[in-house]
Each structure stands twice: as structure tokens, then as C-alpha cells.
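1. please find the sequence and the predicted model below.
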Amino acid sequence: MEKKQTSPLVKVVLRDGSESVNEQVLLFEIEGNSYCASAPRTHTDNNAREIILCHRVKPSADDAETEVGKQVVSYWEQLPRGEEQDRVFDEFCRLYELRQQEKQRREMQAAEYLKLGKWQRFVYRLKQFFRAVPAWFASFFKKIGKFFKNVGLKIADNAVDLFNTFKNGSWSTRVSFLVMGFGNFVHGQWLRGALFLLMQGAFIVYMVLSGAHWLSLFGSLGEVATKEVYDSVLDITTTEHIDNSFKILLYGIITIFFIFAFAYTWRLNVKQCRICDEITRSGKKVKSAKEDLKSVIDDQFHKTLLSLPVFGIVMFTILPIIFMILVAFTNYDYQHDGYNNLFTWVGLQNFNTMLSFGSGLSVAFGEILAWTLIWAFFATFSNYFLGMFVAMMINKKGIKIKKFWRTILVMTIAIPQFISLLYVSNLFADNGIVNAYLIKWGIVSSPIHFWTDGTLAKIMVLVINIWVGIPYLMLITTGILMNIPEDLYESSRIDGANGFQQFAKITLPYMLFVTGPYLLNSFISNINNFNVIYLLSGGGPARADWGDMGGYIAGDTTILITWLFGITTGAEANYKMASVIGILIFIVVSVLSLIVFTVMPSNRREDDYS
Amino acid sequence: MTEKLQYEQAVEFDVDLDAEALSIEIDAPESAAVAEKIEYRKRIASDQPVPAKKHMGQTAKNRIANTVIYIVLSAICVVWLLPFFGIVFESFRCESTGLAGYIFPKKWGFDNYVRLFTDENSNFLKWFGNTLMMGLITSVVQTVFVMAVSYALSRNRFKGRKLLMNLMLVFGMFPGFLTLILLYTWMSDWGLTMENAPWGLIVIYIAGSGMGYYIAKGFFDTISHSLDEAARVDGATQIQIFFKIILPLSKPIIIYTILMGFMAPWGDFVMATFMANNTNAGYNVAAGLQWLLTDSMINEYYTTFCAGGVLVAIPITVLFMLLQKYYVAGVTGGAVKG
Amino acid sequence: MATVKLTNVKKIYGKNVVAVNDFNLEIADKEFVVFVGPSGCGKSTTLRMIAGLEDITEGTVEIGDKVVNDLQPKDRNIAMVFQNYALYPHLTVYENMAFALRLLRVPQQIEQKDGSVKTVYSKLSQDEIYKRVTEAAEILGISDLLLRRPRELSGGQRQRVAIGRAMVRDSQVFLMDEPLSNLDAKLRNQMRAEIILLRKKIDTTFIYVTHDQTEAMTLGDRIVIMKDGYIQQVGTPAEVFDMPSNLFVAEFIGAPKMNIVEAELTREGENYFVTVFGVKLPVDGEKGEALCNKQAEEQKILLGVRPEHMTLTNRSNPCAIPCTIQVIEMMGSELHLHVLAPDGTPLIVRVPTVQLTTQQVAGLVAGARIYVTFRGKVMHFFHKETQFNLLSEQTSQSVKSESDSHSQWYHN
């Protein structure tokens, strides 16, 4: 019973110190808090008890973090003398032993692994991979849980802080709870005060004039679309538009944004008053308005730099996307345009239409999603390998006029895709040049339907995409190929590797490691590769069996993004379904990225570069 | 006294030759050396003829390989350049205006170029002007925005930085077309659609440009932080560090960003078509020329499209080739940084 | 030209990563102080806190009697030389050195018409800048490089420019963060000598950070040895060499590093003896007196002897420790013998070659047995658990209490 209580109490994890081999870093977990300390291994018994006794519980001067060590000790010393202390100590030792055993087991595993053959290793790694999957999910959900817990804690912290600020604050601080920026004015920070006051004024005026109106209609997205109004002067009846669902939704979101921004500013205002109070109390001077102005170009310069671009992103990217996400839960289309006929919330109905098995739209969705992924896969890897191949050919020792070959390929990047791809598309048209020459030379009797035969069209877009993509890949890989240390190849030649082995054992692994993130990006951008599909095949040939696909005729080469575009601009203006597709694309892309980023070895942190 | 003496005489010390240890030491090198010698002789004996043969074979092999590579590269050049020559040829074709089943025109002339500027449907000059204006304005403002965001994110560790980057990452995963309809409505409220579409597009391009901070940030990350610190010790403010130290060092990435910003409007037909909403005067070259290829127009305007394509491609290509170095640096850097 | 005083300075990264802890130090005017320690010991962090490049979590930093905690680096009147030089690549050497001067605003007292004095901040004139830069360049011998850019310079030249850039500012404190670590060994020795010369010319307070104990010993008036964020010892080079306060300092200072063996300290009246590998050695001279004064108890200790203090002797010497040679490093003027003590502890013995005959050198081969001894005067005694020097003034008190409580606890 007692044991059970203590086991989550103390947890010792040992790892070798980073600084020297003569050091061990010990990580503790006591009641959920982790502590870290280091212990020298030199000149002491390697006995666990000794280490823990000497350096954990009795920190010496060369303890890495004596503060932490002290905390551990004080925790330990608080325990009742005798049995309780012994018990905790035994727990330390037990965990240390476990850790040592684990380490040994791992070393043995490593030895076993090294003895495995190539395929056995692959199988082993595959097994490890799948074994780790549940852990990822667990950690993923744990992270989400932790996130919400943190948010909750933060809100609670803020509430407590607010209360304390009010209780302990000066009178000006207390007034600032109502009149924003008051405390700043009192402390002579007229600039900050004015900004706060301005914010409060703007907020109140906005809410009274329109914000409250939009917010009140947000739940229903409008009640009355049009009203017949009789004009007694002119003696005619006109139709007057009352509510506009589109505007209600949009301005509703903006109002909610504004409320959050206001809440944040209000919190900031209170916090600043508290800080001012503290500074004044400690006898120092608060920052003057002049210093504030100076900091805009000095220590707060990053905020100055970020303000305008971030405002642009919020207004023109984040806000519209949130709007469109919400549209997926409404019945917004040409019948319910929000102006003549209001649209309203419909819950998950649209997702139901898209994902319910068997019905028209969902059949098409399955096939289009499958083709999107196939397309992205082949488009990415065909380009990658062929581009690398071309780069290696140009880079090969003894090949002359390297610059010439490169320039010709690079030139094709410069020409806008809509010109070259439209031309190529017409080149392969039924009455295009290719068919004309094929018939003229007697190779075929009737034109090959490059764009009207489903399978052929799929192959064509993939092949022509190679034509589009190779120059980019050639450029990218050339640089990286030249960075591979020459001595790797030299040493492999001494070891007796031939050209192909060099490629497989050195070039490819190196390339995959360095360009791992790029491959992911390029896969994602191929999922959204609108230009190639749209300009070449236009998504066709149309599939009759799918019928009307939300106001757009989808076809064999249609990928999600062209479908989305087709629906948006199509006759039915089926915005609700377009939004659903957009969200589904997002889900596909984000899940892919998550998986790749957890698995990829070259997932390096940004600070590693500097 | 005796002890002290011993220290003084320390030079006279005894060396015991440990018989056993020594015998091993003497033995071991001997046998090892012999084994190595034998090994060495064996290797020489077996290998000597081989390298000579290999050497001969390799040069011949190499020559064949190089020849094959030259042939493949030439073929690649032809395939890659063919469409461009095709477009140029089409643009000089005078005998017909639709698709033709042959490459070389039967009658050469500048008719298509003349039509491009005179035909009532083709508003090429206006389109070109629109695009040029968009390119110029966007490239400048976008570069300012991108530099600002990437510098701030690369150089400062402020509260909310991670949040901002994650937000941009997550929202960047949504397809951009999703927001077309809202942006259109918005812009049309402000009168920035139809014939004013270029201005609307400029606003949209610029507003979203902060999202493209990644490559420039990767570049800034490689500039040593001790430069900033040295400048701070030297008495520079943040704004002085930005303008006097970091920006002068970032010429390649600035030019890359300008180039990208300038080129984007020339190829964007989706947004442009959508924003112009069937108003000819609001098209950029991409939307306009593509419009010439719609089903009802293609037979009459196909060669005109090609002429327009040539006129668009020439300045862009020249610019691009001049600044190629910077483009390559930017693209490669972006790929490696991920 | 100012004192620097650090009081209880502490640096915590994130929530609980302590980089520097309880740092107390007073640096006198015009003193040359070296912070030395293994990487990650907090020495650079401390320097950067003095420079204002890192926030100070706790404690105060004073430069010239003025608390500078909240001041920007530029307002602290310091100059700094960075490890990787941090020269501005796009500026010429002249512009690099003039950069700070161009930003400088000098206060000038101007008397107004009504008699009041107004302080005006004005830029330095181009002539003044030229004068200062060329003067510094003259001292450093880089006058003919002024129009070059950093990438056209060699490592040593860049180093000089970096020093020059710091010199032109006439600052109160001169900070150097591992300035020589990017140079090759030969150049490093040369630059080290130049820094010693330079110091006479500049004559200001220097704080120098390095991980190389040789640099620390040769350059510093005083050395601050750090480990894991704590000061281990502060003292002149001779002090830290002769009386290392604990095992870490003992091993860190001096190359090859000090031999440490387990030994037993025994007492016979006023005389102390050390028993090591079964051989009983008398502790004589100063050390014996010191132990006597300290009333050291009989206990198990860690005994430290520097390799150069070990001597070879013959087998008849009662103090001889028989050792087996493992590896011999011939350094020219001296031999480094890596030997194994009777119980297998590895030791290093440094023997000057002039003391040996040719036959003797020939006899020193791997596997041979030699006899080693050392005098009581060169012994260092460290507490077995706490690793403090038994004779060290700074820590003897804490050693005692530490060991007391430890044993009490152990038996509990």
C-alpha cells in the first residue's frame, strides 16, 4: 500500500553527463516536478547508493545545480526520519537499478541489431516503427490535454493576478479597471494611456453602433431577407433587403476578433498599471513616453516590423479562412446567397453529404482523393529522381559546357507556366500538332485522344509535369550534390564501391537527409498543384457516371484543388461544398505533415543552425 | 639526511626489465610485422595486374558514358526548348489563326503582333500595363514585408513568436483558393474589382506576403548573431542594426524576393480572372491571354495568344537570366532549410 | 578604467537551467582577470552579462561604482572582442573600426547666452574618427589593411581588426570572449604574447574568457576558475597552481593533469604520513606544518601530485613506489611516462631528459618497471567525499561541517 504511494513520487533517470564522461546527470521527478543534478563519478564508488547518498541528498559544491540539489534534499529531509527516509531512499535505489538494467538491455539490443542482416534490420525497424505508433498517439493526446490544462491554469493565474492587482493596487490602478490607461496617465505615460483610452473608446463606439447588432444575429445568420416596402410618395412597392447572412457571418467574426483583442488590451492595461505601481514603489522611474517612442525603433523594433505584415495576414488570410471554415457548416450556395435568400447553420450536414458512403458526391470524393494522392506521389518522386539524375549527368566530371546545359533548363523556369502549359496542352489536342504529325507519318490512323481518354490523360499530366519540374529539381540538387564531401566518394572507391553503389549508399541517403523537409513541402504543393492540372487537362475528361458534382463536372484528372476551384466558380456557386473540400485538403495536408515530421530523421530544430 | 640524499640522487634510478612483459613485447611486434609483410606481398601479387587493366578499361568506359550523357543532354535540351520555338513559330504564322497541324508557318509575318495591339478583343497594352504595375508595386512592398517579418522572427525571441509561426504554418495548409469568394466580395465592396482588379490584387498579394517569410528567415538565421551583438556593443539601436548591418548583408535574398514578387503577377491567371470578373480592362496578361484561348475564341486568337506569350516571355526571361544567380541561391537555400 | 563588481549574480535560462550561480567578484581598476573553465561552466554567460548582452536574473553588476543592470550595452562604456571576431563583412577594415565612432554621441557643455550650461550631444568629426582609427591601426600594425574587407584578411589580421575595433572606443572595460580559440596553435601563441604587450599600451580593465588554462595562467593577473556555474577558486596564477581549492581546480590547472590517488592520512604526534600503495611517505616542510596547524584528523583522503613533481628513484629508497610503464611520450626536453601503480591506477610522470643518461632513456620502454617517489612538499590533500583541499583557507570550514553532517546522516 505504502509502496504504491511512493512509486510515482520519486523517479530517478540517469543519463551520461554531456560535459565529460566523469559525470552523470540525474533527473528526478518528485511529485510531478522534475529536477536535474549532476554527480561526478570520479574517485567515488560506482555504487548507486554511494552516488545518490553523496551527491543527491547531500549536495556538494560541485553539484551542477545546487539549488535543485537542495530542493531534493530539503524534500527528503522533510520526511520523517528513519523508516520514511529509508523507504524513499530505497525507492531511489530501486529506480536507479531499474535504469541500469534498462541501459544494459538496450546495449544488448544494440549488439543484437548490429548482427542482423539487411532485410532483418529493415523488418526490425519496421516493427519498431509500428510499435511506436500508439505512443505517438498517446503523446499527441497528452499534448492536447496538457495544452488545455495549461490554458485553464493560465486563465486561473490571470484571474488571481487580477484580483491581487485590484486588492493591492493604488487608486489609479483600480480606476484603470474601468477607465483604461488611467494608471498610465497618472504615471506620466501619456502615450500608452492615450492608446489604451483610444482602444476603449473605439471598442465602445463600435459595439454600440454595429458590433452588438452583428453579434445578436450571429446565431441565426439573419431572420428576414427582404421586405416589401410601400412607398406612399411614389406609390410603388419596392423590395428592401434587411439582413445579409454573408455580412452577418463576416462581421460577426470580426466582432468576436475585436472582443478578444479588447480583452487582451484590457488585461495588458491592468498589468502595466501593476508594473508601474511596483516600479514606483521600488523608487525607480517608469518609462516615459519619450522612451516608449524610442523603443519603437530599438528594443521593441520587432513589433514595429511585424505590425503591418501581421495585420495583413490576420485580415486577408486568417479571417477569410475562418470565415470559410464556418461556411462549411452553413447552406451557403447560389440558392441561399445570403442576400435574396438567407443561409443558415446546418451543422455537419455538408460533411455528411461528402463523406457518406455510396451516394454520388462521396463516390467521386473517394476517387478524387485517391487520384490526388497518387498524383502527388508520382509527381513528387518522378521529378525528384529524374531531376537528380539530370543534375548528376551535368555535374559529372569530364562533361563540358555545364553552364550551357544548366542555363537552357533554367530558362524554362522563367517563362510563365500559363504560356508554356497552354501551348503544350494544345500541342497534344486532338487536332494539335502531335496528332497531325503522327497521322501524317502514318503511325496512327486516327488522332490519339490525349486529353479525352482518362488513363492517357493521367499519364500525360504526370509526364508533362516532369517536363515542368526537372529544371527546379536540377537547380536544387546541383547545389546539394556539390556539397557532398568528395572524400566520401574517395573512401568508398578504396572500399571497392562502383558507381551505382556510390549512388545508393552515399548520394541518395545524403540527398534524402538534406532534402527531407523539401520533399514533404513539394508533396504538399503537388497536392495543391492547380496550374499543371488546370492548364493541361482542365480536370477532364469529364466522368459521366459522377454526374453533376456540385455545379461542376469533375473528371479523371480532377484533383481536390481543381474541384474546389470548379465548384467555387461553377454555375451553382456551391460555396458550402467548396469549404468542405478546403477543410478536407487541410486535414490531409496536416496529417501528412505531422506524420512525416515525427518520423523524419532530418527534423532539426531551427536553433541548430545558428 | 639520508632521505634528502636519495632525492638528490634520484637520477640514479633502477630500471627493472620485466622479463615476461618484455618478451611479449619483443615477440608481438616481430610476428605482427611478419604477418603484415606477408599480407602486403600477397596483396601486391594479386592486385598488380588488375589496376593496370582497370585503368585502361575505365577511360574507355568513361568516354562511352560521357558520349551517352552528351546525347541525353542534347535530347533534353531539344525537348525542353521545343515548345518555346513552337510558340515563336506560331506567333509568326499568318495564313491561319487557329490550331494548325504543323510547326513551321507557311506564311511568315507580324500580323499576329499587329492584331495583338489593334484587335478590339485584345487589350494587350492595357493588360501588359496592369501586370507591370502590379509587378513593380508588389515586388517592392512585398519585399519590405517579407524582410520585416523574417528579420523579426529570426532575430528576436519574443513572447508569442512560436504562436505566430505556428499560426502561419497551420493557416498556410489551407488551400488559398478557398478564400477567393470572400476576398472578391470584400474587394468589390471597396471597388477594387472589375476594371480596378489590379489594385485589388495588389492589396491581396501584399497582405498575404508576410506568410512567405520562410526562405528569407532561413537566410537571416545563417548570419551570425555575434554581428548583432557587436553592433549593440558598438552603440547601434535595433533599427540601425537592421539597416546598417543585416540588410546590406542580405542582398542576395532581397533580390530573390524582389524577383519573385515581380514575377508572380505575370503568371497568376486564377486570381486575376476571378477578380476582373469578365472585365477585359481589369485583366493581367495571364488572364487576358488565357481568355483568348477559351473555347469560343481559340480558333480566331490562337496565334495571337502565341504572339502575346512571346512578348511576355521575353522581358521576364531576360530579367530572370540576369538575376539567375540569386534565384538559384534562394531556391536552393529554401529547399535545404525545408 | 574602472572597477567592475559583481554581487550575487545569477543567471537562469528558461525555468530552472542555472547557468551562473552566486557569482561574487571584485575586479580592480586596470586589472587583467581571466575567467577559465570547461565549456558550459558559465564563464561566457558571466562576461555577456557584464556586457549587457544577457539579462541578469539576480544580483547586481557594477561598472565604475554604477549599477548597470538595466543599461543597454552601448551605455555601459565597454568594448568587446568576440570569439568569431564578428567583423561586419560588408564594411572595410576602416569602416569596421569607425562604426562605433560614427554612432557615438559625445556630450559637450555649451554655455548659453543667459549663463546656464546646456549639454549637447554631438557626433565626432571625420577628422577625429580618422585620427582614432589610424592610431589604433598603428598600434596593431594593420595600417596598410584599412581599405580591405574582412574576407580578404588572414585569421590573425581579422583578430587584430577585432581588437582594434574595440580599442578605438576608449572604453572603461575591455571584454574578450575566447578571442584566440579560432586561431591555429602557432598563431595563438604569437597573439597571446601580443595581447600581453597590447595590455601595456591600452592600460584598462580587462576581462578575458578562455577555456585554455595555459592562456589563463600566462595572461591573467588573477584567474577565476568556474565550473557548472560556480566559482571554484579565485587567485593569482601561482595561488591556483600551488593551492588549488578543490579537486576540480587541481586537475584543471596544469598539464598534464595532476595525478590523483586514494591514500590514507595518519598522524604520529606532530608528524603526518601518507600511505599510498602500501608505501608510507612522510609529509614534510610547509605542508606538514600546515596540516599540523589545521589539526587535520586521520582519514582517508585523495592525494594529488603533479606529474612534474614526481621523481624517479632506485628500488632501495624506502619511499619508492614501483610502477610499470605503459606508454612513453617523448616531448623533446622531457618525457611523459604513463605508468601503472601497483594497484593499477594510471599515473603520469614527467621527467626532464637532461637528468637522464642515454642508457637510461634507452631503458625506458613499455613494460619496464620504474620506481617513483615524491616529496611531502608537493603533495595536495583532498577530502575524499567533498573533494575540497584540506589546507585551503576558503573551504576548510565548510569541509568540516559537510563531512560531519554527512557521516551523521549516513549512519542514521
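-> The structure has been received and is ready for your questions.

2. once you drop chain neighbours, what's closest to the residue in the stretch 301-450 of chain A that chain C sits nearest to?
-> In the stretch 301-450 of chain A, the residue that lies nearest chain C is residue A:301 (13.0 Å; Cβ to the nearest Cβ). Any C-beta I mention is one placed from the backbone N, CA and C, and that applies to glycine too. Leaving aside its sequence neighbours, residue A:301 sits nearest to residue B:238 (Cβ to Cβ, 6 or more residues apart in numbering or on different chains; 3.6 Å).

3. phi, psi of the residue of the stretch 301-450 of chain A closest to chain C?
-> Backbone geometry at residue A:301, expressed as degrees, to the nearest 10, gives phi -60, psi -30.

4. same thing with residue C:280?
-> phi -100, psi 120.

5. bridging residues for the closest residue to it other than its chain neighbours?
-> In space, and not counting its chain neighbours, residue C:280 is closest to residue C:273: 5.2 Å by Cβ to Cβ, 6+ apart. For residue C:273, the beta-bridge partners are residue C:266, residue C:282 (DSSP bridges).

6. what's around residue C:273, how many residues?
-> 18 (other Cβ atoms under 10 Å in any protein chain shown).

7. distance of the residue of chain C found nearest chain A from residue C:38?
-> Of all residues in chain C, the one sitting closest to chain A is residue C:228 (4.5 Å; Cβ to the nearest Cβ). Distance of residue C:228 to residue C:38, given as Cβ to Cβ, to the nearest Å: 9 Å.

8. with residue C:28 instead?
-> Separation of residue C:28 from residue C:38 (Cβ to Cβ): 27 Å.

9. any low-confidence regions in the stretch 201-338 of chain B?
-> B:335-338 (pLDDT under 70).

10. and the strands in it?
-> Counting by DSSP state E, counting those that start in this stretch, the stretch 201-338 of chain B forms no strands at all.

11. which stretches in it count as helices?
-> B:214-222, B:225-233, B:238-240, B:247-249, B:251-267, B:270-276, B:285-291, B:298-322, B:324-337 (DSSP state H, counting those that start in this stretch).

12. so can I have TSV of those showing mean neighbour count?
-> Output for the helices of the stretch 201-338 of chain B, formatted as TSV (neighbours: other Cβ atoms under 10 Å in any protein chain shown):
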stretch	mean neighbour count
helix B:214-222	21
helix B:225-233	22
helix B:238-240	19
helix B:247-249	16
helix B:251-267	22
helix B:270-276	23
helix B:285-291	26
helix B:298-322	20
helix B:324-337	19
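
13. can I get the ones you listed in a markdown table including distance to residue A:311?
-> Formatted as a markdown table, the helices of the stretch 201-338 of chain B follow (distance: least, Cβ to Cβ, whole Å):
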| stretch | distance to residue A:311 |
| --- | --- |
| helix B:214-222 | 19 |
| helix B:225-233 | 26 |
| helix B:238-240 | 20 |
| helix B:247-249 | 22 |
| helix B:251-267 | 19 |
| helix B:270-276 | 21 |
| helix B:285-291 | 28 |
| helix B:298-322 | 31 |
| helix B:324-337 | 25 |
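
14. so for residue A:423, which of these sits nearest?
-> For these, proximity to residue A:423 was assessed by Cβ to Cβ; helix B:298-322 is nearest, at 7.1 Å.

15. now do the strands in chain A.
-> Using DSSP state E, the strands of chain A run over A:10-16, A:23-30, A:33-40, A:226-231, A:236-241.

16. wait, the stretch 51-200 of chain C
-> Going by DSSP E, counting those that start in this stretch, the stretch 51-200 of chain C shows strands at C:58-63, C:66-67, C:78-81, C:105-111, C:117-123, C:173-177.

17. want to throw those into CSV with distance to residue B:210 and mean neighbour count?
-> Shown next, in CSV, are the strands of the stretch 51-200 of chain C (distance: least, Cβ to Cβ, whole Å; neighbours: other Cβ atoms under 10 Å in any protein chain shown):
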stretch, distance to residue B:210, mean neighbour count
strand C:58-63, 38, 18
strand C:66-67, 40, 12
strand C:78-81, 34, 26
strand C:105-111, 35, 10
strand C:117-123, 36, 10
strand C:173-177, 35, 24
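
18. tabulate those (JSON lines), appending distance to chain A.
-> Shown next, in JSON lines, are those (distance: least, Cβ to the nearest Cβ, whole Å):
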{"stretch": "strand C:58-63", "distance to chain A": "11"}
{"stretch": "strand C:66-67", "distance to chain A": "11"}
{"stretch": "strand C:78-81", "distance to chain A": "18"}
{"stretch": "strand C:105-111", "distance to chain A": "13"}
{"stretch": "strand C:117-123", "distance to chain A": "14"}
{"stretch": "strand C:173-177", "distance to chain A": "16"}
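
19. closest to residue C:213 out of these?
-> So among these, strand C:173-177 is nearest, using Cβ to Cβ, at 16.2 Å.

20. so the closest one versus helix B:225-233, what angle?
-> Relative orientation of strand C:173-177 with respect to helix B:225-233: 180 degrees, computed using axes from the mean of the first three to the mean of the last three Cα atoms, to 10 degrees.

21. ok, now which ones touch the nearest residue to residue A:416 once chain neighbours are set aside?
-> Computed as Cβ to Cβ, 6+ apart, the closest residue to residue A:416 that is not its neighbour in sequence is residue B:267, at 3.8 Å. Contact analysis of residue B:267 by Cβ atoms under 8 Å, 6 or more residues apart in numbering or on different chains lists A:416, A:417, A:418, B:286.

22. now swap in residue A:296 and tell me
-> Applying Cβ under 8 Å, 6+ apart, the residues near residue A:296 are A:303, A:304.

23. rerun at 10 Å
-> Taking Cβ atoms under 10 Å, 6 or more residues apart in numbering or on different chains, we find residue A:296 in contact with A:191, A:303, A:304, A:307, B:238, B:239.
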